[in-house]
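J.: Fold the following for me, if possible:
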Amino acid sequence: MSYPLHIGGTTPNVVQTIGIRAAIAPLAVANAFSRADDWAAAFLKEAKKTPFDRIRDNILARHHFTKEQFAALPKNERESIEQEIREAIKRVLAAG
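T.: Numbers count the residues shown, from 1 in each chain. Alright, predicted model coming up:
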């Protein structure tokens, strides 16, 4: 379907010619692709992690720490969480 570009010798606004929905539709499609790209990037980032990285990340999340926050902890506080990570890895390896 084509839409006229000129009506009565004047150049109308695109929104007036094709309607607001048709004018916004390309933006909605672009936004959907952007969200899909974001989801795909997050999925690929997670998929590239080793099982040991996932264990560490899950334990840090349970303690409400990011990797950066965890690294900034004093050694004595960090050691107990590191021990928890080592034990979780040992359990996974033992389950084989």
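
J.: From now on I want contacts and neighbour counts done on CA atoms only, so please keep to that.
T.: Noted.

J.: so where do the helices sit in the chain?
T.: Listed in chain order, the helices of the chain (DSSP state H) span 14-18, 20-47, 51-62, 67-72, 75-95.

J.: Pipe these into CSV and attach mean pLDDT and mean neighbour count per row.
T.: Converted to CSV, those look like this (pLDDT from 0 to 100; neighbours: other C-alpha atoms under 10 Å):
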stretch, mean pLDDT, mean neighbour count
helix 14-18, 55, 13
helix 20-47, 76, 12
helix 51-62, 94, 15
helix 67-72, 94, 11
helix 75-95, 94, 12
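
J.: which other residues reach stretch 82-90?
T.: By C-alpha atoms under 8 Å, 6 or more residues apart in numbering, the residues outside stretch 82-90 that reach it are F52, I55, R56, I59.

J.: Quickly note the distance from the last one to I85.
T.: Shown here: I59 relative to I85, a distance of 7 Å by C-alpha to C-alpha, to the nearest Å.

J.: How about the third one?
T.: Using C-alpha to C-alpha, one gets 6 Å for the distance from R56 to I85.
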